[in-house]
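show me the folded form of this:
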Amino acid sequence: MGSSHDGEEEKRKLQCESEKHGLLLKCIDVNLIEKPCKGDTLVEAALKVLNTGDPWRKADFGDLAAKLWFEGCFSQAYDCHKDLLVPDRPARLATVQLVAPQHMPKLGRAGNLQSRQAILHSLTHTESWAVDLSWDIIARFGKQEAMPREFFDDFVRVAQDEGRHFRLLSARLEELGSFYGAFPAHDGLWDSAEATSKDLLARLAVEHCVHEARGLDVLPTIISRFRKGGDDGSADLLETVVYPEEITHCAAGLRWFKYICFRSCMNSCVAINMDSECVKLEELDISQRNDSDSAYKPRKELSFHKHSIDESVGPGCTCSRNSANDIPADVIDKFHNVVRKYFRGPLKPPFNEKARQAAGFGAEWYLPLASNGIGSI
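Sure thing, here's the model as predicted:
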């Protein structure tokens with residue numbers, strides 16, 4: 001263990017580094033600007049990530065936190081006797097020019113280098129927010145909603161994936177002669193997070209189902225355009241790493257939305273069985289970069305928890321069933337009501353039905369929320 005002097009020196013270096021890169025440090029406790037370590041709770045580690053402004057350091061801290069969590073190095077998910085302040089807004093780079101979504105310049109169709117840079121920059125920015133959103137749901141709602149271990153496992157995995165996506169996309173952007181911060185961006189994702197900061201169901205529905213699924217809708221077109229533009233490197237990264245892993249992220253959001261709904265009515269008509277089964281991600285043809293090799297290689301024996309929810313109906317239950325997947329219609333209706341309340345406007349087609357279905361997000365969940373001209377890809 002290092003001395004207190006070493007700790008103070010590390011904090012001083014971090015502060016200097018923050019000022020050098022123009023980090024937005026508003027509402028951040030400087031004492032929390034340190035890396036996750038053994039003995040933390042998971043929520044304490046999540047706050048360290050959220051309070052780290054540099055997005056590359058944030059991704060690295062998130063990866064470290066995930067490894068410590070799965071190695072059993074954290075004392076517990078959270079301390080029942082300690083209330084920790086979750087920042088209204090995570091620390092972010094102030095050097096990224098922010099504009100309102102409606103004022104964002106057109107990204108183009110990837111037909112030239114500048115357009116491909118702009119698209120990659122937009123994706124990189126989205127992934128930087130996805131890192132914060134994943135750690136925020138852990139810190140903000142895990143203790144508050146008394147969520148089970150599997151909830152933390154799922155969103156730590158999601159956070160770790162998003163951090164890796166950010167690092168890979170930002171590195172690819174630099175390979176193409178640009179950098180994160182070179183183009184304007186908008187913070188629409190965090191606007192939704194602020195709107196859902198008091199309601200876990202709303203956060204899951206809007207951020208982790210609707211927004212995640214929208215990414216699944218647009219990525220195949222982006223991949224195709226990159227290939228047509230001769231940028232196979234970017235296309236391969238999106239197709240073999242980002243796209244298949246985002247399917248599992250959408251699945252996690254939907255899974256825990258259903259869990260909350262089922263738990264809320266468990267005493268009256270729904271019994272829950274959170275026994276875990278494993279679904280190998282290899283079945284989704286997922287690849288990732290090996291840490292010791294610059295090449296992309298398939299994951300080996302990596303599995304993602306999928307929770308079997310036994311929706312056995314108790315005596316006297318009047319819940320109607322959805323014939324497509326035997327989910328209570330009340331749950332799907334609840335999803336529709338929550339999205340209409342917290343998401344601006346209708347969902348826009350075309351929809352990637354195959355990817356959405358792979359995430360368990362069938363048409364009954366989203367088509368009633370769609371605008372006219374419903375389509376699929």
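
please count neighbours and contacts with C-alpha atoms only from this point.
OK.

can I get the host helix or strand of Leu64 in CSV, CA atoms only?
For Leu64, the element it lies in under DSSP states H and E is helix 55-70. The C-alpha trace of helix 55-70 is given here as CSV (Å, rounded to 0.1, in the frame of the first residue of the first chain):
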residue,chain,number,x,y,z
PRO,A,55,-12.9,9.6,-21.4
TRP,A,56,-9.9,7.4,-22.0
ARG,A,57,-9.1,7.3,-18.3
LYS,A,58,-12.8,6.8,-17.6
ALA,A,59,-12.9,3.7,-19.9
ASP,A,60,-9.7,2.4,-18.3
PHE,A,61,-11.1,2.9,-14.8
GLY,A,62,-14.3,1.2,-15.8
ASP,A,63,-12.4,-1.8,-17.2
LEU,A,64,-10.5,-2.0,-13.9
ALA,A,65,-13.6,-1.8,-11.9
ALA,A,66,-15.2,-4.6,-13.9
LYS,A,67,-12.2,-6.9,-13.4
LEU,A,68,-12.1,-6.2,-9.7
TRP,A,69,-15.8,-6.9,-9.4
PHE,A,70,-15.7,-10.2,-11.2
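
can you tell me the average pLDDT over that helix?
Averaging pLDDT along helix 55-70 gives 98.

and the contacts of it?
By CA atoms under 8 Å, 6 or more residues apart in numbering, the residues outside helix 55-70 that reach it are 35-38, 42, 45-46, 48-50, 52, 74, 92-93, 128, 131, 153, 156-157, 159-160, 163-164, 166-167.

low-confidence regions, the stretch 101-250 of the chain specifically.
By pLDDT under 70, the stretch 101-250 of the chain contains no weakly predicted segment.

run through the helices of it in chain order.
113-141, 149-175, 188-195, 200-205, 212-228, 232-237, 243-264 (DSSP state H, counting those that start in this stretch).

pretty sure Ile223 contacts Ala235?
Yes: look at Ile223 against Ala235 with CA atoms under 8 Å: they come within range, at 4.8 Å.

Ile247: neighbour count?
Neighbourhood size, Ile247 [other CA atoms under 10 Å]: 22.

report the buried residues of stretch 171-184.
Residues 172-173, 176, 178-181, 183-184 are the ones in stretch 171-184 that count as buried (16 or more other CA atoms under 10 Å).
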